[in-house]
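Student: can't give you the sequence, but here's the structure:
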């Protein structure tokens, strides 16, 4: 058990150390005091300064806060970009480029990848126009980081490779090269290409040593220790960790010390030195508590509990485990609240920007109207003709004002509906998250129980339980993301031919493990060569939701059957059906599901295991394709869901080649 746990925990700590994963301290940055440098900049911003100086201060404020407090840095970045766009062309480009990069970093740290990529694309164009190789390399590196966090390693490597082509240019700064090399090393580590990862991290470490950047040296030494542990070079691991910890002790950086002590503890576990492992974990616990680094406190509890259990001190192991569970529940709850708060900040920021643009345009229009009215009053004495003209203008303006008032009322009503929709969606996410989180907590309790009882059969069943809970959580998050994107209008329907047999096989493979865990079976039947003309992602989401709901509500030993056939009433459409042997539903429940609102109302009924978000998403996607969704069910007789989707046109036959007759030779 220990080698697997050690590798996973080691990987998590390394990712946090190099900044690929956000920590709770960064997410909770809104409650932290401003750093000294940021406070000095804020005081300067309260004074009257020229626009160019204000732009520089706003950008510096955003740069000072974007890593640890991205939510607080966001308004400063937005203000810097908005101010840069109003400056003359000569003064605009350099300030706008820096502001776009800082603002993109804020959105990336707030997990808003699409907005960050939009800003970085504009920065990339601007850097090319200015022929600024350093800024262009930084932009490519940031774009690669966003795709790396999205687990799209192919696209991330494409941007990193472009940055590497610029890295040797003389005007690319050493800090830009160091960050690029470290990110490339982490990408190869993610791909499990450890020699390449060690090569790039070693280059980054050499640059950090040359520049005297002790913090970067400590981080890259820890990264190299991680790689060495993966390849089993334990002697090298200890030397690297010793150097990294020595630097952290000199700088008195408590958080780095706590992480590196946890790494030492895991190293001692791997080398079978339990006393030193426990001592390192206790020291890490002490340092983490002093710096309020709760994630490392949680790791220390886990190690101390495992070591006590290994040494037969079960009472002490139980106490450590209880502390672990309590702190883990606290961190999970806080992470959920922080995720919702981040989404709220993103929404409010975009809404403020939209309102600011609207008010600016309205102000310009009002200024223009006021100038017209002032000129009209000034020439009022010219005569009755001018008076009539002004009177007509007045009536026209009143009509426009009434139309504006109506538009404002309509916009206010739309905002209220959006707020209600947002609150309802938050309630749904919070409600449906309880099940998977509770399942994970139950699995941790089962682990302790099976270890104490030495129940090998129970331990063998745990991976299936964990996988089932993870699949449920992943399925919920996919539905919420797809629903949110479909509601904003950013999810385009791009139909393309798709074989029904391939679609069924993919879905069967996805749910085979989950079904086997409950002794359930999935079968399918589709004519060979039958093709749909649909958006691949949408139709996969439809089928996953139908099969997932069938498995979730069906008892152990049940059966799900997927079938496809041409619609006998319309040969241009295909009927996909999902039939299960579950408990079925009454006619009233079926009618409520089919005629309910687009987003269901949350409920507190204990028996409810889902809120219908998946079905609502299926209805929306089927409607995008101009199809229909029909549910047939009876209590005790299972459920059949049939979806009508367009068929792909037949592929054109290859033209026959007619050979010309050869003329006889004269």
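Tutor: Perfect, thanks for sending it. If you're wondering where the values come from, they're calculated on a predicted model, not measured in any experiment. Numbering: from 1, shown residues only.
Student: Just want to check the distance between residue 364 and residue 238.
Tutor: Distance of residue 364 to residue 238, computed by CB to CB, to the nearest Å: 67 Å. Yep, even glycine has a C-beta here, placed from its N, CA and C like the rest.
Student: Could you look up the SS state of residue 565?
Tutor: strand (DSSP: H, G, I helix; E, B strand; the rest coil).
Student: mind starting the numbering at 16 from now?
Tutor: In the new numbering, first residue 16, that becomes residue 580.
Student: Dig out what it forms beta bridges with.
Tutor: Per DSSP bridges, the residues bridged to residue 580 are residue 590.
Student: residues in contact with it?
Tutor: Residues near residue 580 by CB atoms under 8 Å, 6 or more residues apart in numbering: 542, 589, 590.
Student: Flag the shaky bits of the stretch 466-615 of the chain, pLDDT-wise.
Tutor: The stretch 466-615 of the chain contains residues with pLDDT under 70 at 476, 480, 483-484, 486-487, 490-491, 493-506, 611-615.
Student: one more time with 80
Tutor: Along the stretch 466-615 of the chain, segments meeting pLDDT under 80 span 470, 472-508, 525, 527-529, 531-533, 608-615.
Student: quick one, which of residue 379 and residue 253 is more surrounded?
Tutor: residue 253 (16 against 10; other CB atoms under 10 Å).
Student: in what helix or strand does the more buried one lie?
Tutor: helix 249-266 (DSSP states H and E).
Student: which secondary structure elements does that helix contact?
Tutor: helix 229-245, helix 269-285 (3 or more CB pairs under 8 Å, 6 or more residues apart in numbering; DSSP states H and E).
Student: outside of that helix, which residues touch it?
Tutor: Residues from elsewhere that reach helix 249-266 (CB under 8 Å, 6+ apart): 229-230, 232-234, 236-237, 239-240, 243-244, 271-272, 275-276, 278-279, 282, 285-286.
Student: Direction-wise, compare that helix with helix 269-285 and give the angle.
Tutor: With axes from the mean of the first three to the mean of the last three CA atoms, to 10 degrees defining the directions, helix 249-266 sits at 160 degrees from helix 269-285.
Student: Report the buried residues of helix 249-266.
Tutor: 251, 252, 253, 255, 256, 258, 259, 260, 262, 263 (16 or more other CB atoms under 10 Å).
Student: what mean pLDDT does whichever strand or helix holds residue 299 have?
Tutor: For residue 299, the host element (DSSP H and E) is helix 289-305. Confidence for helix 289-305, expressed as mean pLDDT, is 87.
Student: Could you point out the helix or strand that follows it?
Tutor: For helix 289-305, the following helix or strand on the C-terminal side (DSSP H and E) is helix 309-325.
Student: what does that next one contact?
Tutor: Helix 309-325 is contacted from outside by 17, 20, 24, 28, 31, 38-39, 270, 273-274, 277, 280-281, 284, 289, 292-293, 296-297, 299-300, 302-304, 329, 331-333, 335-336, 338-339, 342-343, 345-346, 466-467, using CB under 8 Å, 6+ apart.
Student: let's see it at 7 Å
Tutor: Contact with helix 309-325 is made by 24, 38-39, 273-274, 277, 280, 289, 292-293, 296, 299-300, 303-304, 331-332, 335-336, 338-339, 342-343, 346, 466, as judged by CB atoms under 7 Å, 6 or more residues apart in numbering.
Student: just stretch 590-607 next, same as before
Tutor: So stretch 590-607 is contacted by 561-562, 565, 568-569, 573-580, 582, 646, 648-660 (CB under 7 Å, 6+ apart).
Student: what's the spacing between that stretch and its chain's center?
Tutor: 33 Å (CA atoms, centre = their mean, to the nearest Å).
Student: Pull out the buried positions in it.
Tutor: Of the residues in stretch 590-607, 590, 591, 592, 593, 594, 595, 596, 597, 599, 600, 605 count as buried by neighbour count, 16+ other CB under 10 Å.
Student: repeat for stretch 387-396
Tutor: So for stretch 387-396, counting by 16+ other CB under 10 Å, buried means residue 391.
Student: Check the offset of it from the chain's centre.
Tutor: Here the centre of stretch 387-396 is set off from its chain's centre by 58 Å, with CA atoms, centre = their mean.
Student: cool, and stretch 182-199?
Tutor: Distance, centroid of stretch 182-199 to centroid of chain: 27 Å (CA atoms, centre = their mean).
Student: any idea of the mean pLDDT in that stretch?
Tutor: 88.
Student: Next, the buried residues of that stretch.
Tutor: 182, 187, 191, 192, 193, 194, 195, 196, 197, 198, 199.
Student: Filter the residues you listed down to the ones in helices?
Tutor: 182, 191, 192, 193, 194, 195, 196, 197, 198, 199 (DSSP state H).
Student: for the fifth one, what are its contacts?
Tutor: Counting by CB under 7 Å, 6+ apart, residue 194 makes contact with residue 156.
Student: what secondary structure does residue 577 sit in?
Tutor: Classified using three-state DSSP, residue 577 is strand.
Student: so residue 646 touches residue 656, yeah?
Tutor: Yes - assessed by CB atoms under 7 Å, residue 646 is found in contact with residue 656 at 5.3 Å.
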